[in-house]
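Enquirer: Everything below, folded, please.
(one chain, ligands or ions: 3)
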Amino acid sequence: MQSVMSSGPSLEADSVSILRSIIPGLESTKHKGQAGKIAVVGGCREYTGAPYFSAISALKIGADLSHVFCTKDAAPVIKSYSPELIVHPILEESYSIRDEEKSSISAKVIAEVEKWMERFDCLVVGPGLGRDPFLLDCVSNIMKHARERNVPMVIDGDGLYLVTNCLDLVSGYPLAVLTPNVNEYKRLVQKVLNSEVNDENGTDQLLSLAKGIGGVTILRKGKSDFVSDGKTACAVSIYGSPRRCGGQGDILSGSVAVFLSWARQCAAKGEVSMNPTILGCVAGSALLRYAASMAFDNKKRSTLTGDIIECLGRRKYAQSSRNLMGGFLGSTALLLYLKKQFNEKRKEKQIFRSSYAKFAMIKF
Ligand SMILES: NC(=O)C1=CN([C@@H]2O[C@H](COP(=O)(O)OP(=O)(O)OC[C@H]3O[C@@H](n4cnc5c(N)ncnc54)[C@H](OP(=O)(O)O)[C@@H]3O)[C@@H](O)[C@H]2O)[C@@H](O)CC1
Ligand SMILES: Nc1ncnc2c1ncn2[C@@H]1O[C@H](COP(=O)(O)OP(=O)(O)OP(=O)(O)O)[C@@H](O)[C@H]1O
Ligand SMILES: [Mg+2]
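Expert: Residues are numbered from 1 along each chain as shown. Ligands and ions are numbered 1, 2, ... in the order given. Sure, this is the predicted structure:
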């Protein structure tokens, strides 16, 4: 594979080539599991959507099996969303247990997850996990075990809250990927670099942050997604959607987990030379953005996370670069349409302002 960058001086990653080089073929010789087994650790009394979005996205993108490890309250709800997911109701929050039960429950949780751990190609830790201290303590143990077994981890949502307060969980682990949104990134920068986010020098700061956590890979989400492992940095700026409905970051975490697993398979066969965590982030981000753009084409302002998930497997951009470009050209058309709308709105505002000015001059 060539460089992760497009030609030219820009930071923009060559996401089309990356997607093409790591998406595995659909071959009749393969058996269940070879296209990836993903587990999401998340889901509590308040949040059942986030782990569902992440786990179902992993399946829709092409993983064979998707597990969810969540609290007992969340499990029946998540199961009812989809029979495709394998749901383990093993986590507990402080409100549902007595103090004297804590150590035995903690041991039971880790024993249950440990039975499965080696089968997973990647864990996603954090979507809809909540912030209960006992639950986060159990999840810290799960992360320690995953790390001992060299299982890659995508850390998102409340998993980032946990990791920011306990950096040792991921520090120096090259198979850790952190996917912070604007708030989560701010907290990480404050904690690790002891400074505020500096957008003028954003790439250098991201490089320093990834290096400061010992070479983990960071995908900073925003208008463009920026990715760095402390040595190199790149961006994915493909036009996505102007809708910011909650849950898109959850699709991204499931998507990165699958592509990261595929990139590692390619790396093991010597088919790619770049860091698989970077390849997984670029591919995951690009696919989410293509899907968001397509969903917005159909649903406009009423686009929801479920609509984007429905677009994840559209053939239009699933495998060939020509089709990927088809998706891209679709988004360019969308851009032109939005620009036109923006100009029309500006004209409307000018008319409104001048009538407002006239209105203000009226003496009552
Ligand atoms: N449909 C679903 O189920 C979805 C569920 N989702 C899930 O929601 C969870 C939070 O993720 P998010 O993206 O809302 O967090 P984010 O932008 O950092 O914070 C926004 C503001 O809220 C506050 N705050 C958050 N949690 C708090 C707490 N427990 N107690 C007190 N304050 C808290 C936070 O405060 P701060 O962190 O600054 O202290 C900030 O001001 C996470 O598990 C995610 O996966 C999403 O994926 C969307 C779809
Ligand atoms: N201003 C923006 N323009 C275009 N795309 C964006 C913008 N902000 C975020 N995104 C895209 O949306 C995806 C989710 O990012 P976001 O910041 O919404 O995550 P999040 O807050 O963690 O989401 P969630 O609601 O799932 O927790 C990212 O991949 C990013 O590419
Ligand atoms: Mg999030």
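Enquirer: Mind listing residues that contact stretch 72-81?
Expert: Residues from elsewhere that reach stretch 72-81, judged by C-beta atoms under 8 Å, 6 or more residues apart in numbering: 43-45, 47-48, 51-52, 56, 68, 70, 85, 87-93, 96, 128. To be clear about C-beta, it is placed using only N, CA and C from the backbone, and glycine gets the same treatment.
Enquirer: In helices, which of those residues appear?
Expert: Using DSSP state H, the subset of these located in helices is 51-52, 56.
Enquirer: For those, pick the one with the most neighbours.
Expert: Within those, most neighbours by other C-beta atoms under 10 Å means Tyr52, with 33 neighbours.
Enquirer: Does that residue touch Ser82 like I think?
Expert: Yes - using C-beta atoms under 8 Å, Tyr52 is in contact with Ser82, at 6.8 Å.
Enquirer: what's the nearest residue to the closest residue to ligand 3 within the stretch 151-300 of the chain if we skip its chain neighbours?
Expert: Proximity of the stretch 151-300 of the chain to ligand 3 (C-beta to the ion) peaks at Gly249, 3.4 Å away. Using C-beta to C-beta, 6 or more residues apart in numbering and skipping residues adjacent in sequence, the residue nearest Gly249 is Asn181, 5.7 Å away.
Enquirer: And the one you found, how close does it get to Val16?
Expert: 25 Å (C-beta to C-beta, to the nearest Å).
Enquirer: In terms of neighbours, single out the busier of these two.
Expert: Comparing Asn181 with Val16 by other C-beta under 10 Å, the one with more neighbours is Val16, at 21 against 16.
Enquirer: Now name the helix or strand holding the more buried one.
Expert: Applying DSSP states H and E as the criterion places Val16 in helix 15-22.
Enquirer: circling back to that earlier point, kindly reformat the ones in helices among the contacts of stretch 72-81 as CSV containing distance to ligand 2.
Expert: Listed next are the ones in helices among the contacts of stretch 72-81 as CSV, based on distance: C-beta to the nearest ligand atom, whole Å:
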residue, distance to ligand 2
Pro51, 11
Tyr52, 12
Ile56, 13
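Enquirer: Pick the one among the residues you listed closest to Asn194.
Expert: Proximity of those to Asn194, judged by C-beta to C-beta, is greatest for Pro51, which lies at 32.6 Å.
Enquirer: Any idea how many residues pack against the residue of the stretch 151-300 of the chain closest to ligand 3?
Expert: Count around Gly249 with other C-beta under 10 Å applied: 22.
Enquirer: for Met143, same thing?
Expert: When neighbours are counted by other C-beta under 10 Å, Met143 registers 24.
Enquirer: which residues touch it?
Expert: Residues in contact with Met143, defined by C-beta under 8 Å, 6+ apart, are 123, 125, 153, 169-170.
Enquirer: Quick check: the residue nearest to Gly249 touching Lys221?
Expert: Yes - here Asn181 reaches Lys221: they are 5.0 Å apart, a contact under C-beta under 8 Å.
Enquirer: Overlap in contacts, these two.
Expert: The contact sets of Asn181 and Lys221 overlap at Gly249 (C-beta under 8 Å, 6+ apart).
Enquirer: Buried residues, stretch 284-299. List them.
Expert: Buried residues in stretch 284-299, counted by 16 or more other C-beta atoms under 10 Å: 284-297, 299.
Enquirer: Up against ligand 2, what does this protein have?
Expert: Selection of the chain residues close to ligand 2 by C-beta under 6 Å from any ligand atom yields 157, 181, 221-223, 225, 240, 244, 246-250, 252, 285, 288-289.
Enquirer: Let me know the pLDDT of whichever residue of the stretch 151-300 of the chain sits closest to ligand 2.
Expert: As assessed by C-beta to the nearest ligand atom, ligand 2 sits closest to Gly249 within the stretch 151-300 of the chain, at 2.5 Å. Per-residue pLDDT puts Gly249 at 98.
Enquirer: In terms of secondary structure, what does the host helix or strand of it contact?
Expert: Here Gly249 sits within helix 248-268, counting by DSSP H and E. Packing partners of helix 248-268 (3 or more C-beta pairs under 8 Å, 6 or more residues apart in numbering; DSSP states H and E): helix 15-22, strand 37-41, helix 49-61, strand 122-125, strand 153-155, helix 276-299, helix 305-310.
Enquirer: Could you count how many residues lie near Pro89?
Expert: Here the count is done by other C-beta under 10 Å, and Pro89 has 18 residues near it.
Enquirer: Provide a list of residues in contact with it.
Expert: Pro89 sits next to 70-72, 74-76 when contact means C-beta under 8 Å, 6+ apart.
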